[in-house]
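A.B. asks: Sharing a model prediction with you, sequence too.
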Amino acid sequence: MLIFEKSRQGRTNPSQAPRSRPEMTDIPEAMQRKKRALLPETSEMQTVRHYTRLSQQNFSIDTHFYPLGSCTMKYNPRASNSLSMLPGFLARHPLGPDTMGQGYMACMYDLQEILKDVTGMKAVSLTPAAGAQGELAGMAMIRAYHDARNDDQRIEVLVPDAAHGTNPATAVMCGYKVREIPTDDQGDVDLAALKEVVGPQTAGLMLTNPSTLGVFERRIEEIAGVVHEAGGLLYYDGANLNAILGKVRPGDMGFDVIHMNLHKTFSTPHGGGGPGAGPVGVSERLQPFLPIPMVAFDGENYSWLTEKDRPQSIGRLSAFMGNAGVLLRSYIYARLLGREGMVRVSEYSTLNANYMMALLRQKGFDLAYPERRATHEFIVTLKRQAKELGVNTMDFAKRLLDYGFHAPTTYFPLLVPECLLIEPTETEDKDTLDAFVEVLKKIEEEAVDNAEFVKGAPYTQPVRRLDDVRAARELDLVWKQE
Amino acid sequence: MSEIPADLKYTKSHEWVKMEDDGNVRVGITDHAQDLLGDMVYVEQPEAGSELEAEEACAVVESVKAASDVYCPVSGEIVEANESLADTPELVNNDPYGEGWLMLLRPADSLDVEQLMDAEAYTAHVAAEEH
């Protein structure tokens, strides 16, 4: 039930507090509202109960195991949350003088340095307000680089077919034509196909490594060589950075630009659309184009770098410098881990994934790339179950909810039919991983006994199977008064 | 097993092509393709008059699972796009070889159409991809 449906005209929230209508004498008649604002009118208890109930219906990392591949749904430490809300941080105003924000700016400067160090890039700008904006900034820098050299024949961006959909979308937004590169049967980029299409028209190649297929691109140095030799630049999509944190650095692999999804690797909340943070890092030659503002340090004071200091910058992406509180949480997370802990993130996330993969194989499940070691995620294909039992991946996913597990990513990457992309993350214990595998096996057994039962799941959730086709065809998000 | 009519030509990327009497070709996606994609929610069509190269992305079919490019089977000019798909994208699922057609194309060279796969070759292609 929507809160609007509980609304009664005239009912107000602070039931015992004195009520008075403010005088509006100083607002000109023409600007005063004639109609009542269309807001829900509910009592305080109704409001509290409504939103508490909604939060209880939420499936979240705080309540359930959430192995959503390529999304890195790891725990967001409470310490990051409480420390980022220290009064000194909360009360800082972005328009206040720099002298009064030195503490915050010191944190941001250190975060720039930490991200530089862990990615092997030459410089970092924190300002993109989300992963998608980071991607846009990264590609805009590639464009600015070619433009600055009057190299205007470069009109194509190469994207492997395993890529996230945002990659081709970003390239198109920056005015490029997208050319798809196929993947070989081991999950690596098809190098022969790449060599065939790379050339003087190539602006760059966008790559996720480890890829969305859950494997590490083994010939990355050779790929970098091919693209660089043709005069193109290499773009690193940071979606899977969690797998290699502190172990291998995109900068050392030859990448020229990288965006990082702090809500994945650096454990800030997945905000359901925001606020996010998608810092970008670059190699030597892209440094002048980084988005502003950035934080500088002269040994004594911290200051903002602006248009004046960086005339070739692609510019500003928002009014200030991205989402301050989110960046702060990442900084605290990185400081809690330290250099030693950073390595443990990738070690445990890959160990957990490989343990689950081995266990599922033992239980008779089919892996998409049985010959390959998993990174921090891996793919199970339920093609055989779909064919033999008539129960597909979506049915498994829905039934998982009944057992208290959020489903892994389903039907992505598109290359693997009936797939589950499973990413346990480093913050789960062995018992949870075991329980999840047991449940998948149990659902398979249920499907053998009674396929229709599994196809009807979920049975224990606030809603049953949703009509996602109708929701997509007749998108309706705005409540309207009858 | 999905339906693969014997009188059509096919591409590796799962488009079907039908020669019309006036020399134009009708293009759609195969029964196998629509089955893999699932329920369609949106179809983005090319504009009539646009010139396209073979294997160039010419339309987008979006299902609940994924948005996929449709590739132009042969070089040519778009004569007409199937407008009814704007309101009823489900035609691609319900009748992929009939009312769910995507576009009508005037091929630059009608011999190009002959080079495409026949039903037998496409059946083998689908079977090979299943493995």
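C.D. replies: Structure received.
A.B. asks: check which helix or strand covers B:V113.
C.D. replies: Assigned by DSSP states H and E, B:V113 falls within helix B:111-114.
A.B. asks: what's that helix packed up against?
C.D. replies: Counting contacts by 3 or more Cβ pairs under 8 Å, 6 or more residues apart in numbering or on different chains; DSSP states H and E, helix B:111-114 is packed against no other helix or strand. From N, CA and C alone the C-beta is placed, and that goes for glycine too.
A.B. asks: now that helix: how far from the chain's centre is it?
C.D. replies: With Cα atoms, centre = their mean, to the nearest Å as the basis, helix B:111-114 stands 15 Å off its chain's centre.
A.B. asks: How about stretch A:357-372?
C.D. replies: 26 Å.
A.B. asks: what's the span of that stretch, first residue to last?
C.D. replies: 11 Å (Cα to Cα, to the nearest Å).
A.B. asks: Would you pull up the residue in chain A closest to chain B?
C.D. replies: A:A472 (3.8 Å; Cβ to the nearest Cβ).
A.B. asks: for chain B, which spans come out with low pLDDT?
C.D. replies: Confidence mapping of chain B against pLDDT under 70 gives the ranges B:1, B:131.
A.B. asks: Kindly recompute the last result at 50.
C.D. replies: Counting by pLDDT under 50, chain B shows no low-confidence range.
A.B. asks: which parts of it sit against chain A?
C.D. replies: B:36, B:39, B:41-42, B:62, B:64-68, B:89 (Cβ under 8 Å from any Cβ of the partner chain).
A.B. asks: quick one on the thing from earlier: what sits up against the helix holding B:V113?
C.D. replies: Contact partners of helix B:111-114, identified using Cβ atoms under 8 Å, 6 or more residues apart in numbering or on different chains, comprise B:9, B:17, B:19, B:25, B:54, B:73-75, B:107.
A.B. asks: In it, which residues are buried?
C.D. replies: For helix B:111-114, the buried set under the neighbour-count rule, 16 or more other Cβ atoms under 10 Å in any protein chain shown, comprises B:112-113.
A.B. asks: Give me the contacts around the next helix or strand after it.
C.D. replies: Going down the chain from helix B:111-114, the next helix or strand is helix B:119-130, by DSSP H and E. Outside helix B:119-130, the residues that touch it by Cβ under 8 Å, 6+ apart are B:2, B:4-8, B:10, B:12, B:30, B:32, B:117.
A.B. asks: If we use 10 Å, what do you get?
C.D. replies: A:383, A:387, A:417, B:1-2, B:4-12, B:14, B:16, B:30-33, B:36, B:116-117 (Cβ atoms under 10 Å, 6 or more residues apart in numbering or on different chains).
A.B. asks: again, but for stretch A:353-364
C.D. replies: A:67, A:69, A:214, A:243, A:365-367, A:369-370, A:372-380, A:384, A:420, A:422-426, A:428, A:430, A:433-434, A:436-438, A:440-441, A:444.
A.B. asks: What ranges does chain B have for its strands?
C.D. replies: B:9-10, B:15-19, B:25-29, B:40-44, B:51-52, B:57-63, B:67-71, B:76-81, B:103-107 (DSSP state E).
A.B. asks: Repeat that for chain A.
C.D. replies: Using DSSP E, strands in chain A cover A:123-125, A:156-160, A:177-181, A:202-208, A:233-237, A:257-259, A:280-282, A:294-297, A:302-305, A:366-367, A:378-381, A:409-410, A:419-422.
A.B. asks: tell me the mean pLDDT over the fifth one?
C.D. replies: Meaning strand A:233-237. The average pLDDT within strand A:233-237 is 98.
A.B. asks: Pull the number of nearby residues for A:D449.
C.D. replies: By the measure other Cβ atoms under 10 Å in any protein chain shown, the count of residues near A:D449 is 9.
A.B. asks: Please name the nearest non-neighbouring residue to whichever residue of chain B sits closest to chain A.
C.D. replies: When scored by Cβ to the nearest Cβ, chain B has B:V41 as its residue closest to chain A, at 3.8 Å. Spatially, and ignoring its direct neighbours in sequence, B:V41 is nearest to A:A472 (3.8 Å; Cβ to Cβ, 6 or more residues apart in numbering or on different chains).
A.B. asks: list the contacts for that neighbour?
C.D. replies: B:39-42, B:62-64, B:89.
A.B. asks: buried ones in stretch A:317-324?
C.D. replies: Neighbour count says stretch A:317-324 has A:317, A:321-324 buried, by 16+ other Cβ under 10 Å.
A.B. asks: can you tell me how far the residue of chain A closest to chain B sits from B:V64?
C.D. replies: 6 Å (Cβ to Cβ, to the nearest Å).
A.B. asks: list residues touching both of these two?
C.D. replies: By Cβ under 10 Å, 6+ apart, the residues touching both A:A472 and B:V64 are B:39-41.
A.B. asks: Check chain B and tell me which residue is nearest its centre.
C.D. replies: B:G28 (2.5 Å; Cα atoms, centre = their mean).
A.B. asks: Make a ChimeraX selection of whichever of the contacts of helix B:119-130 turn out to be buried.
C.D. replies: Buried residues among these (16+ other Cβ under 10 Å), as a ChimeraX selection:
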select /A:383,417 /B:4,8,9,10,11,14,16,30,31,32,33,36,116,117
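A.B. asks: A:G254 and A:M139: what is the separation?
C.D. replies: 18 Å.
A.B. asks: Those two: who's more crowded?
C.D. replies: A:M139 (27 against 18).
A.B. asks: Quick one: residues contacting the nearest residue to that one once chain neighbours are set aside.
C.D. replies: Excluding the flanking residues, the one nearest A:M139 by Cβ to Cβ, 6+ apart is A:C174, at 4.4 Å. By Cβ under 10 Å, 6+ apart, the residues touching A:C174 are A:135-144, A:157, A:203-204.
A.B. asks: Apply 8 Å and report the result again.
C.D. replies: A:136, A:139-140, A:142-143, A:157.
A.B. asks: now swap in B:A66 and tell me
C.D. replies: Applying Cβ under 8 Å, 6+ apart, the residues contacting B:A66 are A:411-412, A:414, B:37.
A.B. asks: which one of the residues you listed sits closest to A:S84?
C.D. replies: Closest approach between these and A:S84, by Cβ to Cβ: A:F412, at 32.0 Å.
A.B. asks: Check the burial of that closest one by counting its neighbours.
C.D. replies: A:F412, neighbours per other Cβ under 10 Å, totals 20.
A.B. asks: Would you agree it is in contact with A:L68?
C.D. replies: No - A:F412 lies out of contact with A:L68 (Cβ atoms under 8 Å); the separation is 10.2 Å.
A.B. asks: In the top helix by length along chain A, which of the residues would be classed as buried?
C.D. replies: If you go by DSSP state H, chain A has its longest helix at helix A:324-362. Across helix A:324-362, burial judged by 16+ other Cβ under 10 Å covers A:324, A:326-335, A:337, A:342, A:345-346, A:348-357, A:359-360.
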